[in-house]
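**Student:** Sequence and predicted structure below; questions after.
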Amino acid sequence: MKLKPHFSVLFLYFLGFCSSSEASANVSQDSLNLMAKTVKYMAENLVRKGFTAGDGYGEVWIRDFNTFMNVSCKVSDHALIKKNLITFLKFQQPDGSILDGYVLNPKGSGVPYNYYHSALAPGYAGHKNTVETDQESSLVQAVSKYIQITGDKSILSDTVGGSSVQKQLAASMQFLLKYRFEAQYGLIWGATTADWGDVQPEHEWGVEINNNTHKAIDIYDNAMFVIAIDDYLGFADLNRADRKYWESVKKMLSVNVRKHLWNKKQQKFKPHIYLNGSPFPALLKEDEIYYHGGTTIAIEAGLLSKKEVLQAYKKMQQNVKAANASTIGLTLYPVYPQGTFKNGGMNPYSYQNGGDWTWFGARMISELIRFGYLKQAKEALKPMLERVIKNKGFFEWYTPDNRPQGSSSFRGEAGVLWTAISHLETAELKTK
């Protein structure tokens, strides 16, 4: 990989002497711009190499693919992107559910997923982490991004098993309303996980619903669904009745999120509303835990006001300071105590339990930009760019002291950073 800008970025960044505060500000801005251009270039180089989540992953995951779709549409063959999106629908189950990911050679993936097959996709195997409720929403969002960027609406009329893509996407959302909907609250549910995570506490691995699962409603799943419905309304060719139906579902979810999940006094979302009891000890004060990722997605879904967005950002920065963490990618704070999750990878400040994920932190930066908080966006972006350049790549997540962990070529991080940088570039052009 040719990275000539890398060295000039580091040189400017560490150039800490200036004759005036104005000059210092200019150097700082120039440094940020150069770092951003370098990281954007690196992201494009990584994403053009494939569609899997990154090294260590044999599968194409929809929740990941959705988050690097923007840059993928710029650097990858559109026909190949379209093929990969439709492959998810080739694995769609009779109930409408969408899988997490598919792989060409499951025996070589090294992960004991409960793989299943489809006659429509010979040679492939797929799997679904059933504890989560974001796969269907992620696919709808990914198709929306593909259409917006490429202008190719023909994907909607392509057929899968005799049914159009548009109808299959509608069926996937109906799955959520039929099989993951709790009428008492008017919201969808999943298994208990940490924020947006896919690991439940009741099992040593924890990715599949079982007899020990504690069903719960959270902000992440519902916000993802609101975004998906809004996207569907944006691209689908609908008659008046169908449009009115989906608009009413979106409104219902949005109203009920504020009614049941938003804690007005604490100015935060409740971690969970439990449907069959909590898996956590009674002494655990879970309502004190602040979910960074779910809050970010709620902002993207339009569920917080501009004032609340700024309050959320300030709270995230307070949490970063309290946790001695590095960026607002901090998953949550305070963390779940040692032993709360049977999966040893979910120890305090590890993985989804207080790990630092640019995968969500950069999405918050995009939202800050959308709401006009450019100063705060740059402040939050800077440490994320620095560690990508320092580590010469995109890592899956980081410890509070910024040690990289997981996949060393995580396309999700590359995708959301690329998008945030692009949004910042557009916003700054408008201010000139």
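**Tutor:** Looks like it arrived, so ask away.

**Student:** residue nearest the centroid of the chain?
**Tutor:** Of all residues in the chain, the one closest to the mean position by C-alpha atoms, centre = their mean is residue 360, 5.5 Å from it.

**Student:** where exactly do the helices run in the protein?
**Tutor:** Per DSSP state H, the chain carries helices over the ranges 5-13, 21-47, 62-65, 69-75, 78-90, 135-150, 165-179, 219-235, 240-256, 292-300, 306-322, 358-370, 374-391, 411-431.

**Student:** Include mean pLDDT when you put the ones you listed into CSV, please.
**Tutor:** Output for these, formatted as CSV (pLDDT from 0 to 100):
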stretch, mean pLDDT
helix 5-13, 41
helix 21-47, 84
helix 62-65, 98
helix 69-75, 98
helix 78-90, 98
helix 135-150, 98
helix 165-179, 98
helix 219-235, 99
helix 240-256, 98
helix 292-300, 99
helix 306-322, 98
helix 358-370, 98
helix 374-391, 98
helix 411-431, 96
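
**Student:** would you turn these into JSON lines with distance to residue 99?
**Tutor:** In this view, the C-beta of every residue, glycine as well, is placed from N, C-alpha and C. Below are the helices of the chain laid out as JSON lines (distance: least, C-beta to C-beta, whole Å):
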{"stretch": "helix 5-13", "distance to residue 99": "38"}
{"stretch": "helix 21-47", "distance to residue 99": "22"}
{"stretch": "helix 62-65", "distance to residue 99": "8"}
{"stretch": "helix 69-75", "distance to residue 99": "17"}
{"stretch": "helix 78-90", "distance to residue 99": "7"}
{"stretch": "helix 135-150", "distance to residue 99": "7"}
{"stretch": "helix 165-179", "distance to residue 99": "11"}
{"stretch": "helix 219-235", "distance to residue 99": "16"}
{"stretch": "helix 240-256", "distance to residue 99": "23"}
{"stretch": "helix 292-300", "distance to residue 99": "21"}
{"stretch": "helix 306-322", "distance to residue 99": "32"}
{"stretch": "helix 358-370", "distance to residue 99": "20"}
{"stretch": "helix 374-391", "distance to residue 99": "30"}
{"stretch": "helix 411-431", "distance to residue 99": "17"}
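
**Student:** Check which residues of stretch 263-280 are buried.
**Tutor:** 268-274, 279-280 (16 or more other C-beta atoms under 10 Å).

**Student:** Hmm, the residue nearest to the centre of the chain is touching residue 291, no?
**Tutor:** No - between residue 360 and residue 291 there is no contact under C-beta atoms under 8 Å: 9.8 Å.

**Student:** which residues do those two both contact?
**Tutor:** Common contact partners of residue 360 and residue 291 (C-beta atoms under 8 Å, 6 or more residues apart in numbering): 196, 331.

**Student:** Looking at the buried residues of stretch 263-280, spot the one nearest residue 141.
**Tutor:** residue 269 (20.1 Å; C-beta to C-beta).

**Student:** where's the residue nearest to residue 255 when sequence neighbours are not counted relative to residue 129, distance?
**Tutor:** What sits nearest to residue 255 in space, not counting adjacent residues and going by C-beta to C-beta, 6 or more residues apart in numbering, is residue 186, at 7.7 Å. Distance, residue 186 to residue 129, using C-beta to C-beta, to the nearest Å: 25 Å.

**Student:** These two: which is more packed in?
**Tutor:** Neighbours per residue (other C-beta atoms under 10 Å) separate residue 186 from residue 129, with residue 129 holding more: 26 against 17.

**Student:** And the more buried one, its phi and psi?
**Tutor:** With angles defined as degrees, to the nearest 10, residue 129 sits at phi -80, psi 100.

**Student:** any idea how far it lies from residue 94?
**Tutor:** Counting by C-beta to C-beta - residue 129 and residue 94 are separated by 19 Å.

**Student:** how about the nearest residue to residue 147 once chain neighbours are set aside, what does it touch?
**Tutor:** Distances taken as C-beta to C-beta, 6+ apart put residue 235 closest to residue 147, at 5.0 Å, once the chain neighbours are dropped. Shown in contact with residue 235 (C-beta under 8 Å, 6+ apart): 143-144, 147-148, 153, 156.

**Student:** start to end distance for stretch 207-225?
**Tutor:** Terminal residues of stretch 207-225 lie 20 Å apart, using C-alpha to C-alpha, to the nearest Å.

**Student:** Buried residues, it. List them.
**Tutor:** 207-209, 213-225.

**Student:** For those residues, name the two members farthest from one another.
**Tutor:** Longest span within the buried residues of stretch 207-225, C-beta to C-beta: 208 and 223, 23.3 Å.

**Student:** Distance of the residue nearest to the centre of the chain relative to residue 126?
**Tutor:** From residue 360 across to residue 126, the span is 25 Å (C-beta to C-beta).

**Student:** ok, now residue 317?
**Tutor:** Going from residue 317 to residue 126 by C-beta to C-beta gives 40 Å.

**Student:** Those two: who's more crowded?
**Tutor:** More neighbours surround residue 126 than the other of residue 317 and residue 126, with 26 against 16 (other C-beta under 10 Å).

**Student:** could you list every residue that touches the more buried one?
**Tutor:** Residues in contact with residue 126 (C-beta under 8 Å, 6+ apart) are 91, 99-103, 115-118.

**Student:** Filter the residues you listed down to just the buried residues.
**Tutor:** 91, 99-103, 115, 118.

**Student:** which pair in those spans the largest distance?
**Tutor:** Spanning the widest gap among the buried ones among the contacts of residue 126 are 100 and 118, at 14.2 Å by C-beta to C-beta.

**Student:** tell me, how many neighbours does residue 149 end up with?
**Tutor:** By the criterion of other C-beta under 10 Å, residue 149 has 16 neighbours.

**Student:** let me fix that: residue 394
**Tutor:** Neighbours around residue 394, by other C-beta under 10 Å: 29.

**Student:** and it, what is it in contact with?
**Tutor:** Taking C-beta under 8 Å, 6+ apart, we find residue 394 in contact with 42-43, 46, 54, 358, 388, 408-411, 413-414, 417.
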